[in-house]
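This is a predicted model, with the sequence first.
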Amino acid sequence: MTLRPKSLAVTLALWYVAVLTVLIAAAGFFVYRTFESRLLAEADRTARSIAGEITRDWGFTRGLSWAQAIDAGERRHEGLGVTALLVALDESGEPSSERTVGSGRPRPDGLLLDRATYASVEHADENGRLLTLRRGGESFRVALFDMRGPYVLQVSLPLAETESRMRHLALLLGAGGAALLALASIGGRVIVQRALRPVNDVVAAARALSADDLSLRIDGGGRQDEIGELAATFNAMLDRLEASVARMKQFTADVSHELRTPLTVVRGEIDVALRRPRAAGDYRATLESVQEEMRTMSVLVEDLLFLSRLDARPGRPASEAALDEVALRAFERLEPLARERKIGVDLDGIRPAAVRGDERLLERLVSNLLDNAFRHTPEGGRVALTVTPAGEAGGASLAVRDTGAGIPAEAIPRLFERFFVVDPSRSRESGGTGLGLAIVKSIADLHGAAVRIDSRVGEGTTVEVAFAA
């Protein structure tokens with residue numbers, strides 16, 4: 001059984017509930033403890049007040065005994081259930097129940113404390129020693145006051161009402177916290193779902209995508225947060241993907257078109273040759289025509305494979321290449337074509353320059369530029385090849401200038417597109433496939449170089465490749 005991943009909305013809602021539970025519990029604990037402290041402080045003030053009344057009655061009323069003073073104090077606060085004792089301590093500091101003075105009324109058992117507690121009263125201030133005592137399932141707030149001698153005045157208040165109020169408060173806090181948590185959980189789930197709606201749209205869009213339809217986009221609602229950025233990023237990715245697929249489809253169509261023409265010629269030549277018996281010379285002419293078309297297809301396929309390998313290269317080559325030597329080698333390979341077309345070549349502008357790159361690829365770049373220049377320059381024209389170092393900053397520039405017919409301005413932005421030719425009617429005559437400058441651009445991009453074309457109709461064309469350091 002495969003486990004489904006948790007919904008992000010559910011996960012965020014659970015975290016929200018968990019954090020909110022901690023906050024509500026902390027707030028409830030703070031309120032509970034604050035209220036409890038105030039009730040205990042109120043009980044302490046009452047105990048100190050009663051102790052002060054008993055002490056004043058005993059001190060200022062002639063002939064009044066401690067027992068009488070304690071009884072009067074308990075009667076005045078009978079509704080509070082006060083128990084007052086004058087605890088007598090023996091020589092060892094232990095409380096003596098026989099000598100302890102009370103009002104004579106029944107009192108709860110176990111109100112007498114241990115020796116250490118009574119001994120600590122000696123070091124207490126005028127507010128006495130205050131503590132909470134639990135005896136027989138009942139709690140008391142006890143105030144102890146040193147009476148200078150082996151006596152301690154003890155006033156005990158039952159905390160039954162205080163505990164009842166605290167239980168009532170705890171129930172209110174629990175019920176209120178639970179209700180608040182329930183409402184907040186529902187609201188939090190709604191808020192999280194609304195916040196993640198663009199994410200769900202992204203998921204739905206991703207599921208709906210296909211190579212045949214990449215027009216779907218996510219509406220980010222103008223949000224400026226991370227969700228809006230996610231929608232914008234996804235839309236930008238779709239834009240790039242749609243453009244790539246469109247280029248791929250166009251590339252496939254162009255390849256099909258370019259291969260269809262020579263294949264059609266080959267099939268036509270063969271069909272005509274086989275239609276009836278012919279002389280040996282006619283068959284030879286047919287085979288030569290087929291061979292020429294096959295040569296065209298071979299060049300086209302090789303160029304396509306070369307571009308495919310360039311696209312798969314990982315990054316800029318790290319080795320160093322002598323650009324001037326590469327340029328001279330490329331010229332030597334194409335010098336026969338220049339002589340055949342009676343084109344003058346100027347190599348005086350080649351200067352020593354080193355760049356970071358692959359010599360084989362750079363030679364292909366220069367060869368393509370020179371081949372283009374020789375094929376599009378009329379007889380008697382001139383082509384100049386220059387290599388110029390960039391100076392102390394490093395890098396270099398390579399330029400090929402010709403005196404050909406030039407290129408219309410509106411065609412220059414498309415020159416690096418695959419299979420684009422300025423004059424399709426002349427492309428087959430010149431032997432071009434429309435991939436030469438596309439290869440130049442790919443090699444330049446791989447080397448981090450910029451390609452610039454400057455051309456004027458009737459004057460000539462200059463192609464410059466600038467290599468960074």
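Arrived safely, thanks for sending. Numbering: from 1, shown residues only.

any idea of the mean pLDDT in stretch 193-213?
Taken as a whole, stretch 193-213 carries a mean pLDDT of 70.

Show me where the stretch 101-250 of the chain has its helices.
Under the criterion DSSP state H, counting those that start in this stretch, the stretch 101-250 of the chain contains helices at 115-120, 160-195, 197-208, 226-275.

Quick one: closest of those to G79.
Closest approach to G79 among the helices of the stretch 101-250 of the chain is made by helix 160-195 (10.2 Å; Cβ to Cβ). In short, each C-beta sits where N, CA and C put it, glycine included.

And the closest one, what's buried?
162, 169, 173, 177, 181, 184-185, 188-189, 192 (16 or more other Cβ atoms under 10 Å).

Just the buried residues of stretch 106-120, please?
For stretch 106-120, by 16+ other Cβ under 10 Å, it's 111, 113, 117-118.

cool, and stretch 286-298?
By neighbour count on 16+ other Cβ under 10 Å, the buried set for stretch 286-298 is 286, 289-290, 293, 296-297.

quick revisit: how about JSON lines for the helices of the stretch 101-250 of the chain, with distance to P352 added?
What follows is the helices of the stretch 101-250 of the chain, written out as JSON lines (distance: least, Cβ to Cβ, whole Å):
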{"stretch": "helix 115-120", "distance to P352": "98"}
{"stretch": "helix 160-195", "distance to P352": "63"}
{"stretch": "helix 197-208", "distance to P352": "54"}
{"stretch": "helix 226-275", "distance to P352": "39"}
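
what's the following helix or strand after the strand or helix carrying L307?
L307 is part of helix 280-312 when elements are defined by DSSP states H and E. With elements assigned by DSSP H and E, the helix or strand that comes after helix 280-312 is strand 320-322.

for that next one, packing partners?
Applying 3 or more Cβ pairs under 8 Å, 6 or more residues apart in numbering; DSSP states H and E, one finds that strand 320-322 contacts strand 354-356, helix 359-375.

weakest of the helices of the stretch 101-250 of the chain in terms of mean pLDDT?
helix 197-208 - the lowest mean pLDDT of the helices of the stretch 101-250 of the chain, at a mean of 71.

quick one, that one and helix 226-275 angle?
10 degrees (axes from the mean of the first three to the mean of the last three Cα atoms, to 10 degrees).

got the angle for helix 197-208 vs helix 160-195?
Calculated by the same axes, to 10 degrees, helix 197-208 forms an angle of 40 degrees with helix 160-195.

Which elements pack onto helix 197-208?
helix 226-275.

Distance to V203 added to the buried residues of stretch 106-120, as a markdown table?
Compiled in a markdown table, the buried residues of stretch 106-120 are given as follows (distance: Cβ to Cβ, whole Å):
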| residue | distance to V203 |
| --- | --- |
| L111 | 71 |
| L113 | 70 |
| T117 | 69 |
| Y118 | 74 |
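
Next, format the buried residues of stretch 286-298 as TSV and append distance to P198.
Output for the buried residues of stretch 286-298, formatted as TSV (distance: Cβ to Cβ, whole Å):
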residue	distance to P198
T286	65
S289	61
V290	59
E293	55
T296	52
M297	50
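
Tell me the one of the residues you listed nearest S103?
When the buried residues of stretch 286-298 are compared for distance to S103 (Cβ to Cβ), M297 wins out at 123.2 Å.

If I follow the layout properly, the closest one ends up in contact with T264?
No - M297 is beyond contact range of T264, at 11.5 Å (criterion: Cβ atoms under 8 Å).

Spell out which residues are contacts of both of these two.
Listed contacts common to M297 and T264 are nil; contacts here mean Cβ atoms under 8 Å, 6 or more residues apart in numbering.

so where's the stretch 351-469 of the chain uncertain?
Where the stretch 351-469 of the chain drops to pLDDT under 70, the residues are 392-393, 423-433.

That one: strands as residue ranges?
Under the criterion DSSP state E, counting those that start in this stretch, the stretch 351-469 of the chain contains strands at 354-356, 382-389, 396-402, 450-456, 460-467.

and these as TSV, adding mean neighbour count and distance to A26?
Below are the strands of the stretch 351-469 of the chain laid out as TSV (neighbours: other Cβ atoms under 10 Å; distance: least, Cβ to Cβ, whole Å):
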stretch	mean neighbour count	distance to A26
strand 354-356	20	62
strand 382-389	20	71
strand 396-402	22	69
strand 450-456	15	62
strand 460-467	21	65
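
want to throw these into a markdown table with distance to D371?
What follows is the strands of the stretch 351-469 of the chain, written out as a markdown table (distance: least, Cβ to Cβ, whole Å):
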| stretch | distance to D371 |
| --- | --- |
| strand 354-356 | 21 |
| strand 382-389 | 11 |
| strand 396-402 | 10 |
| strand 450-456 | 16 |
| strand 460-467 | 12 |
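
Many thanks, we can stop here.
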